[in-house]
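K.L.:
Kindly generate the corresponding structure for this input.
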Amino acid sequence: VAQAITFGEFERVTAKVMLGMKGKRFVTMSSDDHEYMNDLLGEYNYLMKAPQSKVIDGKEYKIVYFGSFAEMKSRLQLDQHFEPQTDENIIGVLFSVEGAHAFGCGQLNTMPEDHAEELRQLNDLSHPNTAKLLKTIRENIRRTKNLGNGAHSPFFVTFSHHFWNQLCGHAMSLAGIMHVFFNQERGMASGMTELGKEVLKELLDKTNGRRILIDVKHMSVEGRFWFYEFLKETYWTKGDHVPILASHMGVTGEGQSENRSLRHYDMDEEYEKSGWFNPWDINLSDEEILIIHQSRGLIGLNMDQRILSGARLVDSMTRISKGIDDIGTSVLYKSIWAEPILANIMHIVKTVMAGDVPDKQYAWQMIVIGSDLDGMVNALDAYCHAGDYRVMKDILLQKMIMRAQVEPLLRGLDLEEMLNGVFYKNGLRFLERNY
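P.N.:
I've put the predicted structure just below:
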């Protein structure tokens with residue numbers, strides 16, 4: 001978001017108001033010499049000094065920063081079914097970074113005004129500016145991998161974010177009036193730069209600290225497909241099966257990926273015509289679902305209603321919900337707003353089951369919740385915070401039991417166990433293999 005305030009005084013003032021930045025923080029974030037790595041380290045140091053417990057509904061919860069799955073398994077006393085046996089109330093935390101700009105790129109002091117000249121430099125690793133920038137980024141990545149003596153090295157990095165980071169283009173993520181406030185055009189929908197390729201290798205490298213996995217959320221379609229081919233050629237063919245993470249996304253409901261961000265001015269209108277799913281290329285096509293399945297990766301479902309749903313579905317849910325009086329206790333209300341979650345789950349499973357792929361049952365193990373509730377999201381109306389998720393799971397179970405009467409893919413399954421997977425066990429299984 002810091003990069004959004006680099007396009008002029010109007011954008012600066014708007015960002016200050018919308019993001020609630022005050023005083024020194026705003027001045028620092030919007031300065032020409034601001035270093036994003038300082039933000040990363042500042043966030044980390046804040047957490048290390050923050051209270052390590054929190055009282056919720058009269059219960060004290062310990063906040064534990066886990067450095068490995070083995071440590072997590074021991075502290076939570078996970079049994080063979082990934083069920084915690086500890087009597088402690090624990091909030092477990094793993095570190096991640098959203099946006100590789102955090103390592104010191106995509107800044108005012110690293111970007112030439114002329115974008116064409118910038119690209120020329122970024123695709124020439126011998127250029128002095130690019131060589132200097134790569135050296136800085138490598139140093140910052142190694143520093144990050146050594147946080148907590150390596151125990152707090154991030155599990156994954158979301159390689160792109162809302163704005164150009166000089167490494168890889170981004171998909172359009174801001175809708176409607178947000179186009180006016182925040183200009184995403186620079187670098188949008190473009191592919192990987194040569195600088196970005198080197199940075200990606202540095203993150204995946206295991207000789208400079210623990211491997212940091214790559215999250216494809218926010219990456220452009222061109223960048224994502226370069227990454228998929230890179231993994232196949234560089235790692236998978238050599239027996240190193242690096243998984244693909246899509247940490248907080250939805251599905252397009254369409255077979256092939258299309259780089260829609262290239263015509264981003266039409267995308268709001270295109271969304272208004274959409275039905276069940278959001279067709280924007282910030283979401284996953286069917287072919288990407290199959291690639292992630294092949295990698296034994298994970299898809300985290302974003303609980304933002306626009307990402308998870310098409311316009312007609314959102315309009316329908318909103319219209320029907322207005323006739324419900326007691327939304328706090330209404331099962332109908334909660335069932336209505338659970339529909340896009342179930343639709344995304346079922347589309348992923350159906351896509352894998354219809355594909356020419358082995359281990360089709362992994363379709364149920366590749367889906368998790370990637371709520372993004374800490375982001376700029378418009379959450380599903382009935383599920384606005386994590387405290388709603390127990391009810392969400394119960395509602396989804398009832399919907400799936402009913403759906404099984406007409407949906408062959410749901411018959412004969414332990415549906416409660418499938419949902420236990422989506423809500424927590426699939427994530428733990430993935431950590432067991434990769435953390």
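K.L.:
Helices of the stretch 151-300 of the chain, residue ranges please.
P.N.:
Using DSSP state H, counting those that start in this stretch, the helices of the stretch 151-300 of the chain run over residues 178-181, 194-204, 221-234, 267-272, 286-294.
K.L.:
Make JSON lines out of these and add mean neighbour count.
P.N.:
Every residue, glycine included, has its C-beta placed from N, CA and C. Compiled in JSON lines, those are given as follows (neighbours: other Cβ atoms under 10 Å):
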{"stretch": "helix 178-181", "mean neighbour count": "15"}
{"stretch": "helix 194-204", "mean neighbour count": "20"}
{"stretch": "helix 221-234", "mean neighbour count": "19"}
{"stretch": "helix 267-272", "mean neighbour count": "15"}
{"stretch": "helix 286-294", "mean neighbour count": "21"}
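K.L.:
Mind putting these into a markdown table with mean pLDDT and distance to Ser74?
P.N.:
Output for the helices of the stretch 151-300 of the chain, formatted as a markdown table (pLDDT from 0 to 100; distance: least, Cβ to Cβ, whole Å):
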| stretch | mean pLDDT | distance to Ser74 |
| --- | --- | --- |
| helix 178-181 | 76 | 45 |
| helix 194-204 | 98 | 27 |
| helix 221-234 | 98 | 31 |
| helix 267-272 | 90 | 46 |
| helix 286-294 | 98 | 30 |
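K.L.:
Can you tell me which of those is nearest to Lys49?
P.N.:
For Lys49, the closest of the helices of the stretch 151-300 of the chain is helix 194-204, at 26.8 Å, according to Cβ to Cβ.
K.L.:
hmm, back to that, out of the helices of the stretch 151-300 of the chain, which gets nearest to Glu139?
P.N.:
helix 194-204 (10.2 Å).
K.L.:
Quick one: list the elements packing against that closest one.
P.N.:
The contact analysis (3 or more Cβ pairs under 8 Å, 6 or more residues apart in numbering; DSSP states H and E) places helix 194-204 against helix 115-122, helix 128-145, strand 213-215, helix 221-234.
K.L.:
ok, back up a step: got a markdown table for the helices of the stretch 151-300 of the chain, with distance to Trp280 too?
P.N.:
Converted to a markdown table, those look like this (distance: least, Cβ to Cβ, whole Å):
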| stretch | distance to Trp280 |
| --- | --- |
| helix 178-181 | 13 |
| helix 194-204 | 22 |
| helix 221-234 | 10 |
| helix 267-272 | 6 |
| helix 286-294 | 13 |
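K.L.:
Out of the helices and strands packed on helix 194-204, flag the one nearest Lys197.
P.N.:
Proximity of these to Lys197 was assessed by Cβ to Cβ; the nearest stretch is helix 221-234, lying at 7.6 Å.
K.L.:
which helices and strands sit right next to that closest one?
P.N.:
For helix 221-234, the elements it packs on are helix 194-204, helix 286-294, judged by 3+ Cβ pairs under 8 Å, 6+ apart.
K.L.:
ok, and what's touching it?
P.N.:
Contact with helix 221-234 is made by 159-160, 168-169, 171, 189-192, 196-197, 200, 214, 216, 219, 242, 244, 257-261, 281, 288, 291, 295, as judged by Cβ atoms under 8 Å, 6 or more residues apart in numbering.
K.L.:
and these, which are buried?
P.N.:
Among the contacts of helix 221-234, those classed as buried by 16 or more other Cβ atoms under 10 Å are 159-160, 168-169, 171, 189-192, 196-197, 200, 214, 216, 219, 242, 244, 257, 259-261, 281, 288, 291, 295.
K.L.:
now the strands for the stretch 201-350 of the chain?
P.N.:
Taking DSSP state E, counting those that start in this stretch, the strands of the stretch 201-350 of the chain run over residues 213-215, 245-249, 298-301.
K.L.:
Only C-alpha atoms, please: export stretch 126-136 in PDB.
P.N.:
Provided in PDB are the C-alpha atoms of stretch 126-136 (Å, rounded to 0.1, in the frame of the first residue of the first chain):
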ATOM      1  CA  SER A 126      25.000  -6.500 -15.400                       C
ATOM      2  CA  HIS A 127      23.600  -3.000 -15.300                       C
ATOM      3  CA  PRO A 128      25.100  -1.200 -12.200                       C
ATOM      4  CA  ASN A 129      21.700  -0.200 -10.900                       C
ATOM      5  CA  THR A 130      20.300  -3.700 -11.200                       C
ATOM      6  CA  ALA A 131      23.400  -5.300  -9.700                       C
ATOM      7  CA  LYS A 132      23.300  -2.900  -6.800                       C
ATOM      8  CA  LEU A 133      19.600  -3.600  -6.200                       C
ATOM      9  CA  LEU A 134      20.100  -7.400  -6.400                       C
ATOM     10  CA  LYS A 135      22.900  -7.200  -3.900                       C
ATOM     11  CA  THR A 136      20.700  -5.300  -1.400                       C
END
